[in-house]
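Peer 1: task: produce atomic coordinates for the following.
(2 chains)
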Amino acid sequence: MFRQKKAVKQGLRIIIVGCGKVGSTLVEILSNEGNDITIIDKNPQKLESLTNTFDVMGIEGNGASFTTQEEAGIKNADLMIAVTNSDELNLLCCTVAKQVGNCATIARVRTPEYNKEVQYLTDQLGLAMIINPEFEVAKEISRILYLPSALEVSSFAHGQAELIKFKIYEDSKLNGVRISELSGVIKTKILICAIERDDKVFIPSGNDRILSGDIISFVTPRKQVKDFFTQIGVKSSKIKEVMIIGGGKAAYYLSNMLLNMGMSVKIIESNKNRCEELSLLLPKAIIINGDGTNEELLKEEGIATAQAFIPLTGIDEENIILTLYAKQVSVAKVITKINRINFRGVISKLDLGSIVYPRYITSEAIIAYVRAKRASMNSNIEALYHMYDHRVEAIEFLIDKESAATGQTLANLPLKKSLIIALINRSGKIFMPSGSDSLMVGDSVMIVTTHTGFNTIQDILE
Amino acid sequence: MNSSVVRYTLGQVLKIESALLLLPCVVALVYFDRNGIYFLIVAAMCGLLGFGMTLVKPSSNVFYLKEGCIITSLSWILLSFFGCLPFYLSDTIPSITDALFETISGFTTTGASILSEVESLSESITFWRCFTHWIGGMGVLVFLLAIIPIGGGSQINIMKAESPGPSVGKLVPKIRSTARILYVIYFVLTIIEIIFLTFGDMPIFEAINTATATAGTGGFGVKNDSLTGYSPYIQWVVTVFMILFGVNFNAYYLLLFRQFKKAFTMEEVVHYFAIILIAIGIIFTRIVGSYQYAADALRDTAFQVASIITTTGFSTADFDKWPAVCQTVLVFLMFIGACAGSTGGGIKVSRLIILRKTIIKEMTSYIHPKSIKKLKMDDKPVEHEVVRATNVFFITFVLIFSLSVLLIAIDGNDLITNFTAVAATINNIGPGLSMVGPTQNFSHFSIFSKYILMFDMIAGRLELFPLLMLFHPELWKEMYGHYIRKFNR
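Peer 2: Below is the predicted model:
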């Protein structure tokens, strides 16, 4: 019909099964980007509240059922995303969808047993992607712990470059420095991509100064990160002891990573059976059976001397209180996990150290995939991160073909405002481009921008 | 309360009305009709006002059901006010109350007229009369949703307030595409009817007017005797299309996607056709004796039944003279009305299905007091909220209905006139019985009664609550309370 021809330009037809935390975040972002979204859930109240807020269609039913999927229009759908509570249901949804329609499928699978078989499952079931929020959260936390002075660390160019979020204090060497004069203060080559000041985020130019209280984001090759911190006089002492509250899946994945990195891990978990399970899974970790929100227990287990303190309970309020408490009694690096995003304005006012939002980490991967699928064939999104409450996007494009953006020097390209080309990865070598460089086919390019919804590399042009 | 969105959307509605008013101007140009100038003046007024109201964009695009209701009922009132000006200015209808009555009757697709003579009307006036049915049939706000890109999901609240039926769903994920699909189906069906009518040697101008009036299930005719004078072929075409426009448009959408089985087994559509057949059966057996040919009796019966159940209100026979049992059946059909999601009015077949199932459920609960049974429709559970809303709708409907009958009884007409006048307006039909019968009109009512009937027409078209919301003081306090507080300081 008349609608179908246009749909390719307008957006993808996406079916999302499950309207939990990740599901509703996806609905919000993907529908705002102009995709046609149908949501399936068993709970009519949840559907109702989502269809009232966003321009999406809701269908009540079991997402794995063939009839429900057909009603949701699986035959014409481009993508099916299954993010219900149950791994098995998600996999079944995708398997059925694959048989009925000819669409790409993404499933959330988070049980540790399956996590080891991700590759096998993806190949055998023909999935486009498997996402595991707990595993991604653990990865993000471990990256931050590896570099405790940073607030947030994201990897680009297959881990060769890092995008680091960092707070400037009164006594920092960088306080008051003009960006064009940075090279006079520090020798490490860094590129400042975004600055948050007084609740506003902007992409700085050479004339802007760094002030105390700013939260800056910069890009630098991974090898030079430690160098940078020693030069500006921030001690990046290595963390050896980590205390984790709550023994859920994320805690398990994280402990596994940290133990492999040679840190010692202490987990406090209140459920005895879970403690026993954990002690079998993580023989090297210290498992404490007790209430992690009990002040006495925390003192007894040495919160005052812990180098890092990570509350990973399922309740945001508990996590926040624990973090605030830890900030008070110790100098430990704290990382707060926040599941729901209500009251983000309040949360950002609190001094919670690094904050990790699992639902965003998961949705970022999917959104990157959707945008890449929407884009024409001449470029591809490799990675995408949202920063500063979705006000800034960092996107890595892979350039497959010649386009209007290639072949010319950057100085000659009519680039949009509020946009920075942070680095280019050319045949495995990364460098920060200057005006005389140009984009070439085969490059992967990292863009930081306050615009949202870039699909292809051409979107950087006016 | 987001009053800036209300202002902005009303401005957009006025802009659309201004554009729509240009169509009768075109008609006037074609037929050298001097009245065209009045349409041009009113179009300019609407355009300027609408432009002024939309100069400042709303501070936020997020709004809720209450704003949706206010937007809908206020825009219907505004639309009717400006729509009546050409009648008044051109002196076709010298009284402003009568002009307003005629226009509201047009937009709400009622078709109740205060004019006793329509053949002498100029072309542009005739066209506008019939065209208001077409605009009102699918709803001007749905049209707005179809053409104006507004981000966010709040627009569903406008659609909920304007579209008829116990629960409003989308056909496709995006509301804009949904609104477009509805209008495309509507438009194409109208065109097909025009083509069929011209095959029957109906002049093109009359065909267009008749088709737009049928599409909106309105009922304004171009001839004094409605459709009585046309050939049997044309009467059958109109009968079929009236029935088609009374079908839930979701069924057409399903047909477009070749889901024939689903479309033909939709509970509401099946009930709708069953009711039509039963009604035709009863009336036909009663009146066939008084006709010379059975075919004529069947044609008249089918036409009248289709006209009343779809709430169109055309007529080819004076059913005021039919036996009482036939009249009773027709009055019954008035209340049943067409399907939800169609252009027709009335209580709607789907509501009656829900009511019937609720009654059966209630009886079962007397036998098995602890039994739990969820209502189902088309094999899908009906949420408790929908059932509750349907019950409340029914009660409110009865209350408003009786109150209106009481209020217009002050005029001193007989009960049948009063009863059917209210039934014909609140269900958006047009003709009733006795003094408002198919050969009569509404001009003899007092001004007060006319305003009561106008209220009934809009209330019936918007399905009561969006209009009743306007009378809730809290809403106005929320909307303008901060101005008053500022003033008091």
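
Peer 1: okay, the residue of the stretch 251-400 of chain A found nearest chain B and B:V436: tell me how far apart.
Peer 2: Chain B sits closest to A:V370 of the stretch 251-400 of chain A, with a gap of 14.4 Å, by C-beta to the nearest C-beta. Where you see a C-beta, it was placed from the backbone N, CA and C, and this is true even at glycine. Distance check for A:V370 against B:V436: by C-beta to C-beta, to the nearest Å, it reads 59 Å.

Peer 1: can you tell me the element the residue of the stretch 251-400 of chain A closest to chain B falls in?
Peer 2: Here A:V370, judged by DSSP states H and E, is contained in helix A:358-374.

Peer 1: ok, B:L407 next?
Peer 2: B:L407 belongs to helix B:384-408, assigned by DSSP H and E.

Peer 1: buried ones in that helix?
Peer 2: Within helix B:384-408, the residues that count as buried by 16 or more other C-beta atoms under 10 Å in any protein chain shown are B:386-387, B:389-390, B:393-394, B:397, B:400-401, B:404-405, B:407-408.

Peer 1: can you pull the residues of chain B lying near chain A?
Peer 2: Within chain B, the residues that sit near chain A (C-beta under 8 Å from any C-beta of the partner chain) are B:64, B:151-157, B:169-170, B:172-177, B:180-181, B:184, B:256-257, B:380-381, B:383.

Peer 1: residues contacting whichever residue of the stretch 251-400 of chain B sits closest to chain A?
Peer 2: Distances between the stretch 251-400 of chain B and chain A by C-beta to the nearest C-beta are smallest at B:E383, namely 5.8 Å. With contact set as C-beta atoms under 8 Å, 6 or more residues apart in numbering or on different chains, B:E383 has these partners: A:44, B:167.

Peer 1: switch the cut-off to 6 Å
Peer 2: Going by C-beta atoms under 6 Å, 6 or more residues apart in numbering or on different chains, B:E383 touches A:P44.

Peer 1: which phi and psi does it have?
Peer 2: Torsion angles at B:E383 (phi, psi; degrees, to the nearest 10) stand at phi -60, psi 150.

Peer 1: quick check, B:C339 in contact with B:V270.
Peer 2: No - taking contacts as C-beta atoms under 6 Å, B:C339 lies outside contact range of B:V270: 10.4 Å.

Peer 1: so which strand or helix has B:Y230?
Peer 2: Following DSSP H and E, there is no helix or strand that holds B:Y230.

Peer 1: per-residue pLDDT, it?
Peer 2: Confidence at B:Y230, expressed as pLDDT, is 90.

Peer 1: now restrict the residues of chain B next to chain A to buried residues only.
Peer 2: For the residues of chain B next to chain A, a burial check counting by 16+ other C-beta under 10 Å picks out B:152-157, B:169-170, B:172-177, B:180-181, B:184, B:383.

Peer 1: circling back to that earlier point, so which of the buried residues of helix B:384-408 is the closest to A:G23?
Peer 2: Distance to A:G23, by C-beta to C-beta, is smallest for B:V386 among the buried residues of helix B:384-408, at 24.2 Å.

Peer 1: how close does the nearest residue to that closest one once chain neighbours are set aside sit to B:G136?
Peer 2: Excluding its sequence neighbours, the residue lying closest to B:V386 (C-beta to C-beta, 6 or more residues apart in numbering or on different chains) is B:S167, at 4.9 Å. From B:S167 over to B:G136 the distance is 22 Å, taken as C-beta to C-beta.

Peer 1: more neighbours: those two, which one.
Peer 2: The neighbour count for B:S167 versus B:G136, taken as other C-beta atoms under 10 Å in any protein chain shown, is higher for B:G136 (28 against 17).
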